[in-house]
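Engineer: how does the following fold in three dimensions:
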Amino acid sequence: MDDQNKNLILATALSFVVILVWFLLFPPPEQAAVDPNAPVATETAQAPDDVAATPTAAVTEVGQPDPAAAAETADAPRLLLDTARLEGSISLTGGRIDDLRLKDYHTTIDDSSPIVQILDPVGSETPYYALYGWAAGAGLASTDVPGANTLWTVEAGENLTTESPVTLVWESPAGLTFRRTIAVDADYLFTVTQSVENTGAGSVSLAPYGIVARHGIPKNIKKFFVLHEGVVSMADGTLGEVDYKDMADFSVLESEGAKAEVTQVAENGWIGFTDHYWQTILIPEPGQGFKQVTKYNKTGETEIYQTETVLPTIQLAQGETRAVTTQLFSGAKEWETIREYQKAGVQGFIDSIDWGWFFFLTKPIFAVLHWLNGVIGNMGIAIIALTLILKALLFPLAYKSYVSMAKMKELQPEMEKIKERTGDDRQKLQQEMMALYKKEKVNPAAGCLPILLQIPIFFSLYKVIFVTFELRHAPFFGPFQDLSAPDPTSLFNFYGLAPWAAPEPGSVLALVFIGILPLLLGISMFLQQKLNPAPTDPTQKMIFAWMPWVFMFMLGGFASGLVVYWIANNTITFTQQYLIMRSQGYKPDLLGNITGKPREKAKK
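Structural biologist: Okay, here's the model as predicted:
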């Protein structure tokens with residue numbers, strides 16, 4: 001068997017093994033079961049070290065109230081929130097930002113479907129909300145600071161809009177006046193200014209905090225290793241990611257009984273929860289030191305996942321007023337929007353998108369894909385154009401690889417003579433082979449280089465297509481209206497000609513009755529394979545015969561965008577290889593290789 005066939009077998013086998021491992025170890029995502037009748041819990045937030053010195057003020061109540069108060073919280077008075085891109089409301093109980101929907105995005109490609117809900121109030125099936133407050137320090141009891149059940153009143157503003165912020169106020173029994181001003185920009189960034197005025201006697205100490213709490217794991221979470229969903233954080237340039245399941249293994253805080261990890265941030269950072277396409281992130285002011293807290297608590301059957309930012313303790317003298325400002329991002333992981341926030345000062349915010357291990361490839365690949373989509377206006381065509389660019393960049397290596405393999409073919413008679421001459425002396429065989437390669441200026445490994453380079457590029461492009469928001473509901477043409485979803489067509493209903501519906505995506509029937517794109521993938525791989533005669537070894541011949549069709553079924557459930565890339569890649573590779581072979585004096589006998597009856601071919 002010649003070296004070209006060996007390299008092709010190697011590439012195909014490597015790809016097959018990688019995808020098979022993915023398919024077996026990480027099956028299609030399942031929805032996490034959520035018990036709507038699960039009891040709710042009482043949460044606590046850790047105060048800074050100097051606040052915790054006072055036993056009565058070691059913690060402050062935050063998050064979900066006890067079960068008896070759940071109905072009261074759900075019926076609490078609210079302020080409406082309405083911008084060009086957001087709608088929802090803010091609960092005056094706790095001053096929570098807990099009801100948020102995205103006007104621009106629907107749950108399915110059908111515009112009549114509900115718009116996406118990001119945050120959910122207490123009393124809903126899966127509460128998910130942001131809460132701000134103060135931890136009581138020296139001179140204060142926990143009832144002297146606002147908590148989860150504090151009923152705020154509106155001091156200024158009627159509804160929250162981009163032009164009209166709102167201010168909430170609460171008078172403490174200790175003579176403190178707390179105010180909270182909430183503003184929102186044209187996209188997804190809230191600015192929360194918390195102030196406290198000491199009108200009582202004597203000085204006090206207290207620490208401002210922000211919390212994003214989530215009750216239970218999201219029901220639509222993707223259990224797939226290529227995507228991180230859970231806690232994401234940035235601490236002075238260091239990115240952190242924690243899965244939901246790993247939070248249960250945290251160390252227990254002695255003061256609370258909850259499990260938590262605490263990170264001290266010197267100047268710049270943020271923390272929150274990231275989903276596939278959405279995220280909610282707490283962002284203290286740049287240059288402000290604070291503590292990042294990732295916390296897990298379980299009461300009964302309810303699991304509470306929580307992220308916190310605890311700012312330094314404030315010493316407040318009598319008659320003094322102090323204020324702190326933080327920000328909250330809650331919305332879609334749009335690349336351009338997040339990049340603009342990073343330019344405005346949120347350090348490393350673009351890394352809240354899960355770029356993966358090959359970030360040095362995924363970032364530029366996506367930037368080019370995004371630009372192409374903006375120019376062309378069709379993401380499917382942009383993927384094909386990106387494939388052309390990548391293949392053009394790798395073409396010099398591909399050309400050099402084939403020329404090297406052609407020279408290896410010419411040296412085949414001489415190599416056979418060396419094998420006969422050296423017999424079983426493998427050391428001498430290697431020495432003479434290397435001398436031959438050196439004399440003829442041939443690199444036997446040159447044929448593998450393009451294959452090795454394409455593996456990380458394939459992984460990176462798969463990551464980009466699977467993870468990035470811009471592929472969500474991105475149309476191609478005809479029935480392919482969501483390139484982030486599997487091919488919706490199916491042989492089951494003769495690709496839409498029959499009056500019955502296609503099987504549900506992810507089902508066994510959908511896997512068996514493949515769509516148009518996987519079928520084209522199998523055909524393109526088959527034709528690429530037939531540029532060379534089948535190997536004479538029966539085992540290798542069988543592998544070659546089955547490989548395109550195995551891939552066709554295995555990749556049928558992958559994102560349509562990835563299958564489009566693979567079809568384009570196979571087609572371009574076929575064309576490149578055919579032209580290179582002709583330039584080297586070899587005329588591929590494609591029809592003869594398919595029928596098994598080779599015709600006479602021109603040789604160099």
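
Engineer: switch to C-alpha atoms for all contacts and neighbour counts from now on
Structural biologist: Noted.

Engineer: Ala148 and Tyr132, how far apart?
Structural biologist: Taking CA to CA, to the nearest Å as the measure, Ala148 falls 9 Å from Tyr132.

Engineer: comparing the two, which residue is more hemmed in?
Structural biologist: The residue with more neighbours, out of Ala148 and Tyr132 and counting by other CA atoms under 10 Å, is Tyr132; that gives 25 against 22.

Engineer: is that one in a bridge, and if so with what?
Structural biologist: Tyr132 has these beta-bridge partners by DSSP bridges: Gly210.

Engineer: show me where pLDDT drops low in the chain?
Structural biologist: Within the chain, the segments meeting pLDDT under 70 span 1-74, 253-257, 406, 409, 445-451, 506, 532-537, 589, 593, 596-604.

Engineer: how is it partitioned into domains?
Structural biologist: Listed domain ranges for the chain are 3-23+367-595, 43-354 (source: automatic domain parsing).

Engineer: so which of the ones you listed gets nearest Phe360?
Structural biologist: For the domains of the chain, distance to Phe360 was read as CA to CA. The smallest value, 9.2 Å, belongs to domain 3-23+367-595.

Engineer: if we can go back for a sec, out of the domains of the chain, which one sits most buried?
Structural biologist: Using mean count of other CA atoms under 10 Å, the stretch among those with the greatest mean number of neighbours is domain 43-354 (a mean of 19).

Engineer: next one: that domain to chain centre, how far?
Structural biologist: For domain 43-354, the distance from its own C-alpha centre to the chain's C-alpha centre is 22 Å (CA atoms, centre = their mean, to the nearest Å).

Engineer: same question, stretch 475-487
Structural biologist: The gap between the average C-alpha position of stretch 475-487 and the chain average comes to 20 Å, counting by CA atoms, centre = their mean.

Engineer: and it, how far apart are its ends?
Structural biologist: Between the opening and closing residues of stretch 475-487 there is a gap of 12 Å (CA to CA).

Engineer: which residues are contacting that stretch?
Structural biologist: Residues from elsewhere that reach stretch 475-487 (CA atoms under 8 Å, 6 or more residues apart in numbering): 109, 378-381, 465-466, 471-474, 488-489, 505, 515-518, 556-561.

Engineer: and these, which of them are in helices?
Structural biologist: Secondary structure of those is defined by DSSP state H; positions in helices are Met379, Gly380, Ile381, Ile465, Phe466, Ile516, Leu517, Pro518, Ser560, Gly561.

Engineer: distance to Ser205 for those - can I get that in JSON lines?
Structural biologist: Rendered in JSON lines, the data for those read as follows (distance: CA to CA, whole Å):
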{"residue": "Met379", "distance to Ser205": "55"}
{"residue": "Gly380", "distance to Ser205": "58"}
{"residue": "Ile381", "distance to Ser205": "60"}
{"residue": "Ile465", "distance to Ser205": "50"}
{"residue": "Phe466", "distance to Ser205": "48"}
{"residue": "Ile516", "distance to Ser205": "67"}
{"residue": "Leu517", "distance to Ser205": "64"}
{"residue": "Pro518", "distance to Ser205": "64"}
{"residue": "Ser560", "distance to Ser205": "57"}
{"residue": "Gly561", "distance to Ser205": "55"}
